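Novice: starting from these lines, generate the structure:
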Amino acid sequence: MSSCSSSFSRSEIEARIGSLRRRLNEQGIDGALLLSATELYYYSGIGLEGAVYIPVDGAPVHLVKRNVALARLHSAIPIVQSFGKQSKLFETLGIKSETRIAVEADLLPFSLVSFLQSKAGRTQLVDGSFIFRHQRSVKSESEIELIEKAANIVDRSFDFCTGIAKPNMTEVELAAQLDCWLLENGHGGFITTRAYGFLMPQYSYVVSSTASALNSQFTPVSSGGLSLKYPFGPSHQKIGRDSPFLVDTCGNCQGYISDTTRTFVLGRFDPETRSQLDSLDQIRLLIQKGLQPGMNLGTLYGRVLALSRELGIEEHFMGDGSDKVSFVGHGVGLELDDLPVFYSGGPDLEPGNVVACEPKLVFLGKKILGIEDTFAVTEAGCSRLSRAPDRYEI
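Specialist: Below is the predicted model:
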């Protein structure tokens with residue numbers, strides 16, 4: 001059993017519920033109806049299919065579609081009962097008429113929201129997505145500890161990578177071996193995202209320099225995948241000697257996600273590549289110094305772009321040509337794409353934010369370089385949670 005098997009205390013989940021109630025009350029909302037696995041887990045302690053209802057006034061209720069006994073064993077919510085008929089959900093929960101109830105409108109199918117609204121009578125369903133996501137963007141010490149454990153698993157997987165990577169190994173062959181090692185060494189499986197239609201087929205994204213022109217996702221580079229249905233992720237492209245390749249890996253400990261990227265080479269980096277990697281290290285250092293409480297991420301993003309120009313890497317920074325992405329980092333937590341987003345319109349940082357920052361260089365069809373670390377913003381400043389060496393020569 002992994003060291004990541006501990007669950008949250010009832011007091012921590014009660015504090016989350018109390019914080020949500022205050023946020024809802026400030027918005028004139030009477031309660032929240034939570035249906036996604038992420039929010040169910042966050043507010044109850046177990047992600048069984050069902051619903052959690054948190055009224056501003058009154059006791060929260062945890063409804064479960066199957067295995068009520070398991071939910072009662074692990075849920076931090078005292079009232080646990082069967083979900084019952086979906087058409088009777090508002091009656092089951094005793095939700096009063098003419099109230100405003102927040103739901104995850106950015107995530108739930110339109111048909112489900114429409115159906116629920118048709119059964120809600122005079123109760124109005126409103127979008128509470130930003131409320132839920134913003135609350136989860138500020139992590140507790142125990143959440144940050146889990147993300148740090150996830151990052152540590154990834155750090156160790158990079159050491160394993162140095163012992164198994166060989167010339168002419170395909171991206172997917174290496175990724176499969178890395179994923180197997182991760183699962184055997186404490187990785188929690190499943191990488192949850194908020195983005196519509198985005199899947200994570202692997203935990204370890206291996207991208208060779210020959211695949212640097214293959215990008216079909218919102219990342220700077222994604223490789224080409226294994227089919228045209230999912231044209232992203234590790235492919236059958238081969239890793240060449242003296243040709244840099246990336247390993248971009250998401251850790252998972254008790255559902256909490258880290259994100260780390262390192263550049264590898266089978267052989268030695270040439271002088272030009274070393275210089276380019278040094279430039280990325282300078283950007284990483286600027287970011288690490290800037291991740292302080294109160295720092296505006298939009299302002300810091302502007303400084304990062306200015307440094308890329310000063311270092312002469314702007315043309316290839318965060319993509320090449322029309323494939324450039326407009327961010328340099330993102331929040332991580334129970335979802336890979338948590339808030340805040342590190343881009344030109346980013347918010348002021350708060351203690352408890354955890355951000356994965358990923359400066360990368362893309363030379364289409366020729367070379368891909370990158371370094372990504374997961375950072376926690378604390379009252380005292382910034383803590384780097386991923387601690388693997390900056391680069392690897394094998």
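Novice: quick one: low-confidence ranges for the stretch 201-350 of the chain?
Specialist: Where the stretch 201-350 of the chain drops to pLDDT under 70, the residues are 212-220, 222.
Novice: domains of this protein?
Specialist: Listed by automatic domain parsing, the domain ranges of the chain are 3-136, 141-393.
Novice: redo these as TSV? Include mean neighbour count.
Specialist: From N, CA and C alone the C-beta is placed, and that goes for glycine too. Formatted as TSV, the domains of the chain follow (neighbours: other CB atoms under 10 Å):
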stretch	mean neighbour count
domain 3-136	17
domain 141-393	19
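Novice: mind listing what the residue positioned nearest the centre of the chain touches?
Specialist: Nearest to the geometric centre of the chain sits L336, at 1.2 Å (CA atoms, centre = their mean). The contact partners of L336, by CB atoms under 8 Å, 6 or more residues apart in numbering, come to I191, T192, T193, M200, C250, I257, D259, H330.
Novice: phi first, then psi, for the third one.
Specialist: Looking back up the chat, that one is T193. For T193, the backbone dihedrals (degrees, to the nearest 10) come out as phi -130, psi 160.
Novice: with adjacent residues omitted, what lies nearest to it?
Specialist: Nearest in space to T193, with sequence neighbours left out and distances taken as CB to CB, 6 or more residues apart in numbering, is L336 at 4.8 Å.
Novice: cool, the second one as well?
Specialist: Residue nearest to T192 in three dimensions, not counting chain neighbours: E335, with 5.0 Å by CB to CB, 6+ apart.
Novice: just to revisit the earlier point, can you tell me the SS state at the residue nearest to T193?
Specialist: coil (DSSP: H, G, I helix; E, B strand; the rest coil).
Novice: also the one 4 residues further on?
Specialist: Each residue gets one of three states, and P340 gets strand by three-state DSSP.
Novice: hang on, it packs against G333?
Specialist: No: taking contacts as CB atoms under 8 Å, P340 lies outside contact range of G333: 10.9 Å.
Novice: can you list residues touching both of the two?
Specialist: In terms of CB under 8 Å, 6+ apart, P340 and G333 are both contacted by the residues S137.
Novice: got the contact list for V207?
Specialist: Here V207 is in contact with E171, V221, S222, S223, P234, F245, L246, D248, I368 (criterion: CB under 8 Å, 6+ apart).
Novice: what separation is there between the first one and R384?
Specialist: Pointing back at E171 there. 27 Å (CB to CB, to the nearest Å).
Novice: do the same with the last one
Specialist: As for I368, its distance to R384 is 23 Å (criterion: CB to CB).
Novice: for R384, phi and psi?
Specialist: Torsion angles, degrees, to the nearest 10, at R384: phi -90, psi 120.
Novice: need the three-state assignment for K96.
Specialist: coil.
Novice: dihedrals phi and psi, it?
Specialist: phi -70, psi 150.
Novice: what pLDDT does M1 get?
Specialist: Reported pLDDT at M1 in the predicted model: 39.
Novice: same question, E145
Specialist: Listed pLDDT for E145 reads 97.
Novice: report all helices and strands that whichever strand or helix holds it contacts.
Specialist: Under the criterion of DSSP states H and E, E145 resides in helix 141-164. The contact analysis (3 or more CB pairs under 8 Å, 6 or more residues apart in numbering; DSSP states H and E) places helix 141-164 against helix 171-184, strand 245-253, strand 256-265, strand 354-357, strand 373-378, strand 391-393.
Novice: CA atoms of the following helix or strand past the third one as PDB?
Specialist: Think strand 256-265. Downstream of strand 256-265, the next assigned helix or strand under DSSP H and E is helix 271-290. Output in PDB follows, covering the C-alpha atoms of helix 271-290 (Å, rounded to 0.1, in the frame of the first residue of the first chain):
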ATOM      1  CA  PRO A 271      26.700  23.300 -27.000                       C
ATOM      2  CA  GLU A 272      23.800  25.100 -28.700                       C
ATOM      3  CA  THR A 273      21.200  22.900 -26.900                       C
ATOM      4  CA  ARG A 274      23.000  23.500 -23.500                       C
ATOM      5  CA  SER A 275      22.700  27.200 -24.100                       C
ATOM      6  CA  GLN A 276      19.100  27.000 -24.900                       C
ATOM      7  CA  LEU A 277      18.400  24.800 -21.800                       C
ATOM      8  CA  ASP A 278      20.400  27.400 -19.700                       C
ATOM      9  CA  SER A 279      18.000  30.000 -21.100                       C
ATOM     10  CA  LEU A 280      15.000  28.000 -19.900                       C
ATOM     11  CA  ASP A 281      16.600  27.600 -16.500                       C
ATOM     12  CA  GLN A 282      16.900  31.400 -16.300                       C
ATOM     13  CA  ILE A 283      13.200  31.700 -17.100                       C
ATOM     14  CA  ARG A 284      12.400  29.100 -14.500                       C
ATOM     15  CA  LEU A 285      14.400  31.000 -11.900                       C
ATOM     16  CA  LEU A 286      12.500  34.300 -12.700                       C
ATOM     17  CA  ILE A 287       9.200  32.400 -12.300                       C
ATOM     18  CA  GLN A 288      10.300  30.900  -9.000                       C
ATOM     19  CA  LYS A 289      11.300  34.200  -7.600                       C
ATOM     20  CA  GLY A 290       8.100  35.800  -8.800                       C
END
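Novice: tell me what angle helix 271-290 forms with strand 373-378.
Specialist: Interaxial angle of helix 271-290 relative to strand 373-378 (axes from the mean of the first three to the mean of the last three CA atoms, to 10 degrees): 20 degrees.
Novice: phi, psi of the residue nearest to T193?
Specialist: Taking degrees, to the nearest 10 as the convention, L336 sits at phi -70, psi -30.
Novice: for it, give its distance to F190.
Specialist: From L336 to F190 the distance is 10 Å (CB to CB).
Novice: same check on E49?
Specialist: 14 Å.
Novice: for F190, give me its contacts.
Specialist: Neighbours of F190 in contact, by CB under 8 Å, 6+ apart: N252, G255.
Novice: now L369
Specialist: So L369 contacts P244, L246, T263, T273, Q276, L277, L280, K360, L361 (CB under 8 Å, 6+ apart).
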